[in-house]
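Novice: sharing a model prediction with you, sequence too.
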Amino acid sequence: SVIVCQRNPERTQYQQKRKRLRHLAQNRARVYGKKIDLEYVDKNELFTDSNIVTTLAATTSLTRYWVDRQALDMLGSKAQGSVRILVNAGKGLLNEADLAPFLRERQDVEVRLDVLSDEQEGQAGRRFMDLDGKPLTNLKIAGHTAAAVSEIRRLKIFNALKNLRLHIDARAPNNILNPE
């Protein structure tokens, strides 16, 4: 099952996303020959009923620190099985001040972070130590490298070389983010 939580599910934008997600789930179900249930729930139900929660929202005044101590304490509390994982891929969504003490108390929960609020300061992750000053074993920090699997790195190198060739030939690459 896939459980999705949205801030304002009545917005047209979210209704369009729901339609795309349902279509994607149907396609994946055909590929795997299995049924994939797609369910929309509120925040409390998302955290209590899920073994794995992934946050992917943009940080706004409504989503800043959306994953707080209360949400962390609810993680998987009604879910079946022993797996409890939080994957945070959005800067500012997770209240990191709540995370360190939570992870020290709950060794059964794993957290994966792709971004940290202080990563620009060069001390990213220093506050996530156990009482002996060692890194917490139930926390993994990817530091913007979560997508750095070998296939992605090869694709990035290929695209960079292709763009260099186009530049040498005085042609513009087709993947320029801000062409102005």
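Specialist: Arrived safely.

Novice: show me where this structure has helices.
Specialist: Secondary structure of the chain, counting by DSSP state H: helices at 12-32, 43-49, 69-74, 96-105, 150-168.

Novice: columns distance to A142, mean pLDDT and mean neighbour count on top of those, output as TSV?
Specialist: Backbone N, C-alpha and C define where each C-beta goes, glycine included. Formatted as TSV, the helices of the chain follow (distance: least, CB to CB, whole Å; pLDDT from 0 to 100; neighbours: other CB atoms under 10 Å):
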stretch	distance to A142	mean pLDDT	mean neighbour count
helix 12-32	24	83	12
helix 43-49	22	91	17
helix 69-74	19	97	17
helix 96-105	15	93	16
helix 150-168	13	79	11
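
Novice: let's have those helices in a markdown table, adding distance to T63.
Specialist: Converted to a markdown table, these look like this (distance: least, CB to CB, whole Å):
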| stretch | distance to T63 |
| --- | --- |
| helix 12-32 | 14 |
| helix 43-49 | 11 |
| helix 69-74 | 12 |
| helix 96-105 | 15 |
| helix 150-168 | 26 |
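
Novice: can you tell which of those is closest to V4?
Specialist: Closest to V4 of the helices of the chain is helix 12-32 (CB to CB; 6.5 Å).

Novice: quick check: the residue most central in space within the chain vs I141, distance?
Specialist: Centroid-nearest residue in the chain: A89, 3.1 Å away (criterion: CA atoms, centre = their mean). Remark: distance between A89 and I141 (CB to CB, to the nearest Å) = 12 Å.

Novice: kindly report the same for S82.
Specialist: Plainly put, S82 is 23 Å away from I141 if you go by CB to CB.

Novice: quick one: which of the two has more around it?
Specialist: Between S82 and I141, counted using other CB atoms under 10 Å, I141 has the larger neighbour count: 19 against 8.

Novice: quick revisit: tell me which of the helices of the chain sits nearest to F128.
Specialist: Of all the helices of the chain, helix 96-105 comes closest under CB to CB, at 5.4 Å.

Novice: burial count for E110?
Specialist: Neighbourhood size, E110 [other CB under 10 Å]: 18.

Novice: how far away from the center of its chain is stretch 159-173?
Specialist: When distances are taken as CA atoms, centre = their mean, to the nearest Å, stretch 159-173 is centred 32 Å away from the chain's centroid.

Novice: now the end-to-end length of stretch 127-138.
Specialist: 14 Å (CA to CA, to the nearest Å).
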